[in-house]
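Attaching a predicted model along with its sequence, questions to come.
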Amino acid sequence: MKPRFSLSQCTLLWIVSAFLLVTANAQFFRQTVAVYGIDQYLPFLISQGAVLLCAIMLFGTIFSFFLPVRLVAILFLITGATVGYFSDSLGIAIDKEMIRNVLATDINEAGDLLNWGLIMRVGLLGILPSAFLFLIPLKPAPLVARQRRLAGAALIALLVGVLSMVPFGDSYASLFREHKPLRYFTNPVHPIYSVIKLAIDTGGGTMDTTFRPRVKTADIPAEDEEHELVIVVIGETARADHFGLNGYARQTTPKLSRWDDIISFSNMRSCGTSTAVSLPCMFSLDNRSEFAIDQARFTENTLDVLVKAGVSVLWRDNNTGSQGVANRMPYELFNTPERNRRCDVEECRDIGMLDGLDEYIARQEGDILIVLHQMGSHGPAYFKRYPDDYAVFTPDCQSKELGSCANSEIVNAYDNSILYTDSFLDAAIEYLKGKQDRYETSLIYLSDHGESLGEMGVYLHGMPYLVAPETQTHVPFIIWASESSDIDRDRLRARINDPMTHDDFSKLLLEVFEVIVDRNKIASGSSILPLKPEPNLH
């Protein structure tokens, strides 16, 4: 017996599109109202709602040409609810690079993002409506008729969308020219488009993975008989304006501040706003403008060049991995108790990466570079990033659901995590001081990206670089060099306010080891890293 009530597949798509417009796009309308206001531009805002409704419907019909309509509706509902939670509660926009960052996230970081707010949102606005879809009978249709009706619905959505724009041509021209970032919040249109774009950019699994060398030869001058021991600490989610060394109102770097020979640069900008992009970019031999993230894993980077020059390179990681940077050199993961002896109930601590270095160094000959990739200040669970002894700024947010904490509590927890980084860097310097009788020792600290702590309603990181706030791109950059080092500290200190970017980092590393690449000495001309005069070379 036929059901008394049934819907056509196209009608179901229109209903789902309208549901998503209302429930999943609060941040889009909030951002739009902030730009245009609501009184003078109300008709234009209504037009934008109609255009977005048609865009969701158009995407839905295109997907439904290849997949069952119910499956498409469920995909859109779950995506809309998930993205809507992060957009509404944290101000996060989901674009291609954010999705790349999500794919690079390990299970521990993913667990930090999972909370009751997200579960409730996805359950009520994603899973529950999806389950309800199976209670609605759909009118059967032969395949040809089904595809024809979907094509007709797509054409209607396109025409209605265009007609909705016509009366406001000047306003839309302004929108597309001056306020393009608003499109990042169209949900689920832009997230789904970004997934497709990422898949296309990465070749859909057919990318050429042949290793691409960049330099023919790399050598260290024979007259440089003293060997380097350099520790590079890659910070996580640290922002420069929360470092006491850089003038922050709070003393978040008390241990580093006691070193007279610490040099803190105040004007460093990151290559990206996420670890997945910034980490390979900062070690790339290309500048940010030429850097190709999809080829980075298979392209010779700065560490590869150092190895080619004879430097012993070790990468230790207490985060989510090197993002392909250390694929061709010794690598040790320190985020489990099996490797890291400094673990507590919350997590394994960065300080554990210093253990056992004596044994490694004793086995090496020549110059040594040790890279330590921190867990640092990774959010939203800032309270996990430091032991109880470092809970100096209180009350500190003890929840990974930031919406449940006052903004001052979030900042307190974040600043406590910087305090722990301060202690970790201090311990690393103390370790290097004990080696300066045998090596020219130095430490370089540089964060991969910054963090938003509620400014303009935005939290965490990973915003599209075009619209990312300075809090996500202004990062701390610190150098400590011993007396035995070739680094000219006085000349370097004179550059602490110079504009710098992650593009400078690779050149700096090669300069530290005085590497000659293809018969051209890196440390020459407009050197990033001033070295002592040549007569001081042994």
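Arrived safely, thanks for sending.

Give me the buried positions along stretch 287-296.
288, 291, 293, 295-296 (16 or more other C-beta atoms under 10 Å). Yep, even glycine has a C-beta here, placed from its N, CA and C like the rest.

ok, now stretch 10-29?
For stretch 10-29, burial by neighbour count (16+ other C-beta under 10 Å) applies to 10, 12-14, 16-17, 19-21, 23-25, 27-29.

Compute the mean per-residue pLDDT across that stretch, please.
The average pLDDT within stretch 10-29 is 95.

secondary structure class for the nearest residue to Arg100 once chain neighbours are set aside?
Once flanking residues are discounted, Arg100 sits nearest to Ala276: 4.9 Å by C-beta to C-beta, 6 or more residues apart in numbering. What DSSP: H, G, I helix; E, B strand; the rest coil gives for Ala276 is helix.

Contact partners for Ala276?
Taking C-beta atoms under 8 Å, 6 or more residues apart in numbering, we find Ala276 in contact with 97, 100-101, 103-104, 293, 323.

Swap in 6 Å and give it another go.
Applying C-beta atoms under 6 Å, 6 or more residues apart in numbering, we find Ala276 in contact with 100-101, 104, 323.

thinking again about what came up before, among the buried residues of stretch 287-296, which two are most distant?
Using C-beta to C-beta, the buried residues of stretch 287-296 span at most 14.2 Å, a distance reached by Arg288 and Gln295.

Going along the chain, name the strands of this structure.
Residue ranges of the strands in the chain, as given by DSSP state E, are 218-219, 228-235, 262-269, 312-317, 331-333, 368-373, 440-447, 452-453, 459-460, 474-481, 500-501, 516-517, 520-521.

How about Tyr439: what's its closest non-neighbour residue?
Nearest one to Tyr439, counting by C-beta to C-beta, 6+ apart, is Leu229 at 3.6 Å.

Count the neighbours of the one you found for me.
Neighbourhood size, Leu229 [other C-beta atoms under 10 Å]: 25.

same thing with the one 3 residues further on?
Taking other C-beta under 10 Å as the criterion, the count of residues near Val232 is 23.

Go ahead and confirm it touches Val371.
Yes. With contacts counted by C-beta atoms under 6 Å, Val232 reaches Val371, the gap being 4.8 Å.

quick revisit: just name the closest of the buried residues of stretch 10-29 to Pro129, please.
Out of these, the member with the shortest distance to Pro129 (by C-beta to C-beta) is Phe19, at 6.6 Å.

got a pLDDT number for the nearest residue to the closest one once chain neighbours are set aside?
Nearest non-adjacent residue to Phe19, counting by C-beta to C-beta, 6+ apart: Pro129, 6.6 Å away. Here the pLDDT value assigned to Pro129 is 96.

Ok, Ala381 next?
In the predicted model, Ala381 carries a pLDDT score of 94.

wait, what's in contact with it?
Taking C-beta under 6 Å, 6+ apart as the criterion, Ala381 is in contact with 112, 400.

Check which residues of the longest helix seen in the chain are buried.
If you go by DSSP state H, the chain has its longest helix at helix 407-433. Using 16+ other C-beta under 10 Å as the test for burial, helix 407-433 gives 409-426, 428-429, 431-432.

Repeat that for stretch 332-350.
Residues of stretch 332-350 classed as buried: 333-335, 339-340, 342-343, 347-350 (neighbour count, 16+ other C-beta under 10 Å).

Now pLDDT and distance to Ser377 too, for the residues you listed, in CSV please.
Formatted as CSV, those follow (pLDDT from 0 to 100; distance: C-beta to C-beta, whole Å):
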residue, pLDDT, distance to Ser377
Leu333, 95, 20
Phe334, 96, 17
Asn335, 92, 16
Arg339, 93, 22
Asn340, 95, 18
Arg342, 95, 17
Cys343, 95, 18
Glu347, 92, 13
Cys348, 95, 15
Arg349, 97, 13
Asp350, 97, 11
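
out of the residues you listed, which are inside helices?
Using DSSP H, none of those sit in helices.

Out of the residues you listed, which is nearest to Ala240?
Nearest to Ala240 among the buried residues of stretch 332-350: Asp350, at 19.0 Å, using C-beta to C-beta.

Sketch out the low-pLDDT regions of the stretch 101-250 of the chain for me.
Applying pLDDT under 70 to the stretch 101-250 of the chain picks out residues 203-207.

rerun at 80
In the predicted model of the stretch 101-250 of the chain, residues 103-110, 174, 176-178, 180, 201-209, 222-225 satisfy pLDDT under 80.

What separation do you get for the residue lying closest to Val69 once chain neighbours are set aside and Thr302?
Distances taken as C-beta to C-beta, 6+ apart place Gln9 nearest to Val69, at 4.3 Å, with adjacent residues excluded. Distance of Gln9 to Thr302, computed by C-beta to C-beta, to the nearest Å: 54 Å.

now do Arg363
Per C-beta to C-beta, Arg363 is found 23 Å from Thr302.

between the two, which one's more packed in?
Thr302 (22 against 8).

you'd agree the more buried one is up against Glu511?
No. Using C-beta under 6 Å, Thr302 makes no contact with Glu511, being 10.9 Å away.

mind putting the buried residues of stretch 332-350 in JSON lines, distance to Cys271 included?
Converted to JSON lines, the buried residues of stretch 332-350 look like this (distance: C-beta to C-beta, whole Å):
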{"residue": "Leu333", "distance to Cys271": "24"}
{"residue": "Phe334", "distance to Cys271": "24"}
{"residue": "Asn335", "distance to Cys271": "24"}
{"residue": "Arg339", "distance to Cys271": "29"}
{"residue": "Asn340", "distance to Cys271": "28"}
{"residue": "Arg342", "distance to Cys271": "30"}
{"residue": "Cys343", "distance to Cys271": "31"}
{"residue": "Glu347", "distance to Cys271": "26"}
{"residue": "Cys348", "distance to Cys271": "27"}
{"residue": "Arg349", "distance to Cys271": "27"}
{"residue": "Asp350", "distance to Cys271": "22"}
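
For Gly379, state which of the residues you listed is nearest.
Glu347 (13.5 Å).

Could you pull up the residues touching the closest one?
Glu347 neighbours (C-beta under 6 Å, 6+ apart): Lys384.

go on, Gly80?
The contact partners of Gly80, taken as C-beta under 6 Å, 6+ apart, are 20, 24, 187-188.

ok, these vs Asp241, which is closest?
Asn187 (30.9 Å).

Show the contacting residues for Lys435.
By C-beta under 6 Å, 6+ apart, the neighbours of Lys435 are 229, 441.

Backbone dihedrals for it, please?
Lys435 adopts backbone torsions of phi -110, psi 0, taken as degrees, to the nearest 10.

What sits closest to the spatially most central residue of the chain if chain neighbours are left out?
When C-alpha atoms, centre = their mean is applied to the chain, the residue found nearest the centroid is Ser274 (0.9 Å). Excluding its sequence neighbours, the residue lying closest to Ser274 (C-beta to C-beta, 6+ apart) is Asn101, at 3.8 Å.

correct me, but that neighbour touches Gly462?
Yes. Using C-beta under 6 Å, Asn101 makes contact with Gly462 at a distance of 5.2 Å.

The residue nearest to Val69: neighbour count?
Neighbours of Gln9 using other C-beta under 10 Å come to 22.

now do Leu71
Close neighbours of Leu71, defined as other C-beta under 10 Å, add up to 14.

How about the one 4 residues further on?
The criterion is other C-beta under 10 Å. On that basis, Leu75 has 16 neighbouring residues.

Nearest residue to it in space, please, no chain neighbours.
Nearest one to Leu75, counting by C-beta to C-beta, 6+ apart, is Phe63 at 7.4 Å.

Check Thr23 too.
Leu125 (5.1 Å).

who's in contact with Lys532?
486, 488.

Find residues that contact each of Asn101 and Gly462.
Residues touching both Asn101 and Gly462 (C-beta under 6 Å, 6+ apart): Ser274.

I appreciate the help and will end here.
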